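Student: Can you look at this prediction? I've put the sequence above it.
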Amino acid sequence: MKRLLLLLGGAAAAFAIWYGISGSGKASRTALQALLPRDTLAFVYLPDLSKTREQWRQSDLYKLWTEPAVQEFLRKPLAQAPKMSSAGEWAQELDTLGMKEAFLAIIAWENNQPKLAGGFRFKGGADDAEKIVGRWRSRVQQNAPAAVRETVTHRQHRLDVVRQDAVTLATAYHRDRFFAANDIDLLKQLLDRADGTTADAAQTLGADENYVAAMKHLPADYAAMAYARFDRYFEQLKARLPAGSATGDQLAALRQIRTAALATGFQGGKIRDVLFVGMPRTAESGELTRASLVLATEASFLYTATFLNLSQRLSLPATRVSGAPAFLQRLIAAFARSGITADDWNKAFGAELGIVGDWPANSRIPALFATLPVQDLAGANQIIAAMTSAAPEGGAWTQSARDGVNYYSLPPANPMIPVTPTIAVAEKFAIAGVDPISVEAATKRSRASNSELAAAESFTAAEALVPKGRHLFTYLDTALLYQRLDAALRPMLVMGAAFVPAIAEAVDLAKLPAPDVVSRHLSPIVVSQRYESEGYVTESVGPVSIYQAVLGIAGATGAGTAWYQRETQRAGAGGAILPQPPSVVPAAPSPPLPASTPSETPP
């Protein structure tokens, strides 16, 4: 543990810049790429912390944070949270330093040990910077009291070296720069390049063709940037796997990824991400038509169009696949019985996958459905019939028809959960959803020529923020989603607080901000992807990036679930009455889809 603390403490200057999102500016990568060696594996870089802090304070997310109603609601939980005095101290120290051009890099990975280097520019002189850096050194020594400290001279530079066992931390000043590394020779190389005493431009990162290709696709203005070489990692991983292993075969596809580079910054109060993945173009499917957009309505909070390319990614074996899930085993067996091949799928369905999330104001739960273009109606019905014959035990799909559309429905697995999986096969689309009513409504909209969502001002404004998505397009209306979630969950939270006292102790639900207080600071998240010469470029704009949104939802869901389980268990151990799960009022029985002749059981 002490060795780990020593390593992390030595790179504290670089790690500390990640506190908040507090870096931005017109990025000049020239100095960085001239410092790092050509074979650098990965790095993170923040050009200007002070400028980004100002941009952050103009962002939609910060304005939401400073809303009086939000602050009043958070007052109670924040008072109970652990005090973050150290975080505040870090922020003050970074302000004092005026940190710019901060980076942390993994130069190499040898014998399962990384070679790390970091650094930053500071304002003032080295003596001023040492007042703060010296505090960081003191913290390292407190965590590793047995560490040995020494001084090494390299030309005109003085290197401060701390060692404990196999861990080394070397630091040095160079004019208005501070450098740190866990290898003395590596630090000397950084200093020599900063001095300009070595003529090895061809051996620096700026001469690497993969790095140059990735940087061409990133914006010049950003708050933070990260870069990684994945091809070298996959090469090392392959060398450790036995020849001919299944994992090695799967790794062959991943080895096509050479590099990845991500830049994130602010644009008009929103967060903009640009992700470049250097790799060859995958199977060609043309460009997105977004034909499924006609299924979305003004109440749609989610729309995604992308390519499925199932025939290139999935073969249909005629035998059982060892280790596959039970459902997949049944599906493979059903396809084998029906003689369906990947070519049959390709002829029946197009490759463009559409996903729609619709949540009308009077609905308790959203209607989610996915769709594929139908190219051969008879073939599509044959494949869906084979798929639905692979029903789980205790359930059976039923088929009915209306207006030339075949519907396949599976009864709810739990009568308390109003989810009835339904698939419709129509002339233009195959639509799979969570209930027959929403699927039938979507089927009717598929005959329309115009889309309600496409005509909405929020959609057209968001769409204009990113380049045309040729391989992926996603629209997520965060304001609409929050309003619907608030209406659905607020009563449940109030009910839960009546049974679990810990909820009332943690938060004051009476002060929960009104939906419009939050939603007025939320705007749609829009994502597009295209292929440009060396790789795929994915751009995201919104109050948060799409990656932050996914991680935030997953983290909040996991933390909330764990907290609820812990509190209910504690209440049970104390003899309190445990809350029963809120009863879900079953939805009104869906009107049966008019049945024609019951379908024959697929062979």
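Tutor: Perfect, thanks for sending it.
Student: where along the stretch 51-200 of the chain do the helices fall?
Tutor: Assigned by DSSP state H, counting those that start in this stretch, the stretch 51-200 of the chain shows helices spanning 60-65, 68-80, 85-97, 126-143, 184-195.
Student: for the stretch 251-400 of the chain, that is, sorry about that
Tutor: 310-313, 326-338, 342-348, 377-388.
Student: cool, the stretch 451-600 of the chain as well?
Tutor: Listed in chain order, the helices of the stretch 451-600 of the chain (DSSP H, counting those that start in this stretch) span 452-455, 457-463, 478-499, 501-506, 515-519, 546-573.
Student: who does the shortest one touch, helix- and strand-wise?
Tutor: Contacting helix 452-455 under the criterion 3 or more CB pairs under 8 Å, 6 or more residues apart in numbering; DSSP states H and E are the following elements: strand 300-307. All C-beta atoms are positioned from the backbone trio N, CA, C, and that covers glycine.
Student: Parallel or antiparallel, which strands does the strand it packs on pair with?
Tutor: Paired neighbours of strand 300-307 in the sheet (DSSP bridges): strand 352-358 (antiparallel), strand 472-476 (antiparallel).
Student: May I have that strand exported as CSV, CA atoms only?
Tutor: Provided in CSV are the C-alpha atoms of strand 300-307 (Å, rounded to 0.1, in the frame of the first residue of the first chain):
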residue,chain,number,x,y,z
SER,A,300,-40.1,10.8,-27.9
PHE,A,301,-37.2,11.4,-25.5
LEU,A,302,-34.8,9.0,-27.4
TYR,A,303,-34.0,8.3,-31.0
THR,A,304,-31.1,6.3,-32.3
ALA,A,305,-30.2,5.1,-35.8
THR,A,306,-27.1,2.9,-36.5
PHE,A,307,-26.1,-0.2,-38.4
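Student: quick one: low-confidence parts of the stretch 101-250 of the chain?
Tutor: For the stretch 101-250 of the chain, the stretches flagged by pLDDT under 70 are 236-250.
Student: still on that earlier bit, do you know which of the helices of the stretch 51-200 of the chain lies nearest Ala305?
Tutor: For the helices of the stretch 51-200 of the chain, proximity to Ala305 was assessed by CB to CB; helix 60-65 is nearest, at 25.7 Å.
Student: who touches the closest one?
Tutor: Contacts to helix 60-65, defined as CB atoms under 8 Å, 6 or more residues apart in numbering, come from residues 56, 70-71, 269-271, 518, 521-523, 543-544.
Student: Could I get the buried residue list for it?
Tutor: 60-61, 64 (16 or more other CB atoms under 10 Å).
Student: Can you report how many residues lie near Arg255?
Tutor: By other CB atoms under 10 Å, 16 other residues sit near Arg255.
Student: Skipping its backbone neighbours, what lies nearest it in space?
Tutor: Phe234 (4.5 Å; CB to CB, 6 or more residues apart in numbering).
Student: what's the distance between the one you found and Ile257?
Tutor: For Phe234, the distance to Ile257 equals 7 Å [CB to CB, to the nearest Å].
Student: try Leu32
Tutor: 23 Å.
Student: quick one on the thing from earlier: check the contacts of helix 60-65 against Gly278 and report the nearest one.
Tutor: Of the contacts of helix 60-65, the one sitting nearest to Gly278 (CB to CB) turns out to be Ile271, at 23.4 Å.
Student: wait, that closest one sits on Gly542?
Tutor: Yes: under the criterion of CB atoms under 8 Å, Ile271 makes contact with Gly542 at 6.6 Å.
Student: Identify the residues contacting the closest residue to Leu190 other than its chain neighbours.
Tutor: If the residues on either side of it in the chain are set aside, Leu190 comes closest to Phe179, at 5.1 Å by CB to CB, 6+ apart. The neighbourhood of Phe179, defined by CB under 8 Å, 6+ apart, consists of 117-119, 171-173, 187, 190-191, 194.
Student: Equivalent analysis for Ala170, please.
Tutor: Per CB under 8 Å, 6+ apart, neighbours of Ala170: 152, 159-162, 180-184, 187.
Student: Can you give me the neighbour number for the closest residue to Pro373 other than its chain neighbours?
Tutor: Of all residues not flanking Pro373 in the chain, Gly350 sits nearest, at 3.3 Å (CB to CB, 6+ apart). Using other CB under 10 Å, Gly350 is surrounded by 19 other residues.
Student: one step back: out of the helices of the stretch 51-200 of the chain, deepest packed?
Tutor: Mean neighbours per residue, mean count of other CB atoms under 10 Å, is largest over the helices of the stretch 51-200 of the chain for helix 184-195, with a mean of 19.
Student: who does that helix touch, helix- and strand-wise?
Tutor: For helix 184-195, the elements it packs on are helix 30-35, strand 113-121, strand 148-154, strand 157-164, strand 167-174, strand 177-181, judged by 3+ CB pairs under 8 Å, 6+ apart.
Student: strand partners of the lengthiest strand in the chain, parallel vs antiparallel please.
Tutor: Secondary structure of the chain per DSSP state E: the longest strand is strand 100-110. According to DSSP bridges, strand 100-110 forms sheet pairs with strand 42-48 (antiparallel), strand 113-121 (antiparallel).
Student: Give me whichever of those is most buried.
Tutor: Sort the strands paired with strand 100-110 by mean neighbour count, taking mean count of other CB under 10 Å, and strand 42-48 sits at the top with a mean of 23.
Student: so Ala506 touches Lys76, yeah?
Tutor: Yes: counting by CB under 8 Å, Ala506 does reach Lys76; the two are 7.3 Å apart.
Student: Can you report how many residues lie near Glu352?
Tutor: Burial measure for Glu352: 21 neighbouring residues, criterion other CB under 10 Å.
Student: Show the contacting residues for it.
Tutor: Taking CB under 8 Å, 6+ apart, one finds 285, 288-289, 291-292, 305-308, 372-373 in contact with Glu352.
Student: want to throw the residues you listed into TSV with pLDDT?
Tutor: Putting the contacts of Glu352 into TSV (pLDDT from 0 to 100) gives the following:
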residue	pLDDT
Ser285	71
Leu288	93
Thr289	94
Ala291	95
Ser292	96
Ala305	97
Thr306	95
Phe307	93
Leu308	84
Leu372	96
Pro373	96
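Student: Low-confidence stretches in the protein?
Tutor: Filtered on pLDDT under 70, the chain yields the residue ranges 1-29, 82-87, 236-253, 284, 310-332, 334, 390-395, 556, 559-561, 563-603.
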